[in-house]
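S.K.: what shape does this take:
(one chain, ligands or ions: 1)
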Amino acid sequence: MKVALVMGSISDWSVVKDTADMLETLNIEFDKKIISAHRMPNELQEFGQNAKNEHYSVIIAAAGGAAHLPGMLAANTSVPVIGIPVLTQALSGIDSLLSIVQMPAGVPVATVAVGKAGAKNAAILAAEMIAISDPKTYERLTEFRAQQTKEAIASNEQLHE
Ligand code: RP5
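M.R.: Prediction:
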């Protein structure tokens, strides 16, 4: 089971890298690709329409500003789309967030938080979707959660250093 990791521009890669790292941590196979909704509209449509045939289980799409990429991918496929709103300089990512989250009824995009937390959570959410029918991924997610709980508890030590 494979994830498509799509971004609107090479300028999004510094954010999407965190998603890629987390997918690797969770041992999820993925392909990464730049598809600009506005500069590559034909490629976007083709990619969305072929997503199922390409055996993608989940699409993660990151975009900033007038962030139409996740929504337009969702318009072209029933493969679930997770949208990452990229932090922007002009409007601090609120433009990205609203562009991605406010989808019309019938075409959902599962939208995560702006910035680093969202980038990581997109990968974890994709893994959770895959884990529904993949016990090995479920096991890895369980281990990941247990480890982060352990680290959070251990961070108490730092209060007394
Ligand atoms: C969006 O426009 C991209 O997702 C990027 O976040 C934003 C700016 O793109 P560049 O002008 O940096 O290529 O399509």
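S.K.: what's the local residue count around residue 14?
M.R.: A total of 11 residues lie near residue 14 under the criterion other C-beta atoms under 10 Å. Bear in mind the C-beta positions are built from the backbone N, C-alpha and C, glycine included.
S.K.: swap in the one 3 residues further on?
M.R.: A total of 13 residues lie near residue 17 under the criterion other C-beta under 10 Å.
S.K.: which residue packs closest to it, ignoring adjacent ones?
M.R.: Closest residue to residue 17 apart from its sequence neighbours, by C-beta to C-beta, 6 or more residues apart in numbering: residue 119 at 7.9 Å.
S.K.: helix or strand for that neighbour, just tell me which one.
M.R.: helix 116-131 (DSSP states H and E).
S.K.: with just CA atoms, put that helix into PDB.
M.R.: Taking C-alpha atoms only, helix 116-131 is exported to PDB below (Å, rounded to 0.1, in the frame of the first residue of the first chain):
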ATOM      1  CA  LYS A 116       5.400  21.200  11.100                       C
ATOM      2  CA  ALA A 117       2.700  19.500  13.300                       C
ATOM      3  CA  GLY A 118       0.400  19.200  10.300                       C
ATOM      4  CA  ALA A 119       3.200  17.900   8.100                       C
ATOM      5  CA  LYS A 120       4.000  15.100  10.600                       C
ATOM      6  CA  ASN A 121       0.400  14.400  11.400                       C
ATOM      7  CA  ALA A 122      -0.500  14.000   7.700                       C
ATOM      8  CA  ALA A 123       1.900  11.000   7.600                       C
ATOM      9  CA  ILE A 124       0.600   9.500  10.800                       C
ATOM     10  CA  LEU A 125      -3.000   9.900   9.600                       C
ATOM     11  CA  ALA A 126      -2.200   8.300   6.300                       C
ATOM     12  CA  ALA A 127      -0.600   5.400   8.200                       C
ATOM     13  CA  GLU A 128      -3.700   5.100  10.400                       C
ATOM     14  CA  MET A 129      -5.800   4.800   7.200                       C
ATOM     15  CA  ILE A 130      -3.500   2.100   5.800                       C
ATOM     16  CA  ALA A 131      -3.400   0.300   9.200                       C
END
